[in-house]
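turn this into a model:
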Amino acid sequence: MEFFNRQKQEIAAFISDFLQQKQQEFAQVNSWGRDVVKRLVPFISSGKMLRGGLVNYGSLISKGKVCPSVFPAAAAVELIQAALLIHDDIIDRDKSRRGFPSLYYQYVALGEDQGMSEADHFGQGMGICMGDVGFFLAFELFLRLEHETAAKERIIHLWSQELCYVGLAQMQDLYYGETAAEIAEEEILRLYRYKTARYSFSLPLMTGAILGGAGQSLLGSLEKCGIDFGLLFQLKDDELGLYGSEEEIGKPVGSDIRECKKTLHSHFLHKLASSDDLERYAEISKSEDFSPGLMHEVRNMLKKYGIDEIIHGRMRALQAEIEKEIQELDVQEKHRTILYQLLDYSQNRSK
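Numbers count the residues shown, from 1 in each chain. Below you'll find the predicted structure:
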């Protein structure tokens, strides 16, 4: 992961400089301008910044080098990711992210410190506003790109369209969490594709490649490979949410269960488990005190019905498909190696 670690450092520096400049402008409006930047910079810097790194990788394989002119796009993609996570934590009621209080919850705490009667509402509203600021800053950076107008317009169109898809998928995710209806495996995978996979992998890769002047053939290959990478990444996220530790993943373990998320794990549990076990699972998901003991019960259920192995089978199939797609990419061998390293990381990461 040397390539992505190196890109993270450079993208983080670019974002910090950009936001410090915006801080002076925002301060003309009110004191929240400085506050937003003060909280946003460390939040973004604490992430993996894989999406920004993928933008730079797209430039690398199409141009032969990471052009400095693509850094505004890499930074824009990271701002979009930050905005989506801020809103996601509000929707999922997650009080922590990356080992720290989630941004909306920082404002809840601020409201409590100041004796607000509706501190939760204040924090959620502030988080929504901060996320919105992140989105608009991202599109300002897209407009700053020093590339031909056609390329910039194509990228802005792609991201505008894709973020609509993400919003619609988020609505579907919310609905699935509130309905008792059984959801087919393909519908869950469709949700994963549009809520996470495409914007996290396909769009960043395509963004960098478009700015590097890539042809349609390479863009199509990157889109397909990116979707499969994103699906694998999401399945690993689901697994870490069940088997990881809060210290490692940076947020509460079992939040998907608490929010009644329709994951592939829950899909196969409802398909294979006895009525008694499903009744107990429903009780656990409604528990206000989500203790380690309850998490242990869920893990035992998954093991009892062989669900982990089913999911691992899906992940192995995705791995094989991604390996084939990487091998077929019309890029230099040394650049393929970077994607193989990313694939290994995606399978073996602990957070």
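
for residue 310, list the residues it contacts.
residue 268 (Cβ atoms under 8 Å, 6 or more residues apart in numbering). Yep, even glycine has a C-beta here, placed from its N, CA and C like the rest.

look up how far residue 317 lies from it.
11 Å (Cβ to Cβ, to the nearest Å).

one more: residue 213?
Look at residue 213 and residue 317: by Cβ to Cβ, they are 34 Å apart.

next structured bit after the helix or strand in which residue 299 is found?
Assessed by DSSP states H and E, residue 299 sits inside helix 292-304. Later in the chain than helix 292-304, the nearest helix or strand by DSSP H and E is helix 307-328.

and that following helix, average pLDDT?
Helix 307-328 carries an average pLDDT of 97.

quick thing: my sequence starts at 414, can you match it?
Okay, using 414 as the starting number, the last item reads as helix 720-741.

for the very next helix or strand once past it, name the packing helices and strands.
Of the helices and strands lying after helix 720-741 in sequence (DSSP H and E), the nearest is helix 746-761. Under the contact definition 3 or more Cβ pairs under 8 Å, 6 or more residues apart in numbering; DSSP states H and E, helix 746-761 sits against helix 415-439, helix 463-476, helix 629-656, helix 720-741.

in the third one, what's buried?
For helix 629-656, the neighbour count (16 or more other Cβ atoms under 10 Å) marks 631-632, 634-636, 638-655 as buried.

quick revisit: what lies in contact with the helix holding residue 712?
By Cβ under 8 Å, 6+ apart, the residues outside helix 705-717 that reach it are 655-656, 666-667, 670, 678, 682, 686, 690, 693-694, 697, 700, 720-721.

hmm, back to that, as TSV, the helices and strands packed on helix 746-761 with distance to residue 456 would be great.
Output for the helices and strands packed on helix 746-761, formatted as TSV (distance: least, Cβ to Cβ, whole Å):
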stretch	distance to residue 456
helix 415-439	11
helix 463-476	14
helix 629-656	19
helix 720-741	29
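
residue 581 contacts residue 603, correct?
No. The criterion here is Cβ atoms under 8 Å, and residue 581 misses it with residue 603 at 11.0 Å.

now do the shared contacts for those two.
With Cβ under 8 Å, 6+ apart, residue 581 and residue 603 have no common neighbours.

dump the C-alpha coordinates for stretch 726-740 into CSV.
Once non-C-alpha atoms are left out, stretch 726-740 reads as follows in CSV (Å, rounded to 0.1, in the frame of the first residue of the first chain):
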residue,chain,number,x,y,z
GLY,A,726,-17.4,-17.8,-0.7
ARG,A,727,-18.9,-14.7,-2.2
MET,A,728,-15.8,-12.8,-1.3
ARG,A,729,-13.5,-15.4,-2.9
ALA,A,730,-15.6,-15.2,-6.1
LEU,A,731,-15.2,-11.4,-6.1
GLN,A,732,-11.4,-11.8,-5.5
ALA,A,733,-11.1,-14.1,-8.5
GLU,A,734,-13.1,-11.7,-10.7
ILE,A,735,-11.0,-8.7,-9.6
GLU,A,736,-7.8,-10.6,-10.3
LYS,A,737,-9.0,-11.3,-13.8
GLU,A,738,-10.0,-7.7,-14.3
ILE,A,739,-6.7,-6.4,-13.1
GLN,A,740,-4.8,-8.8,-15.4
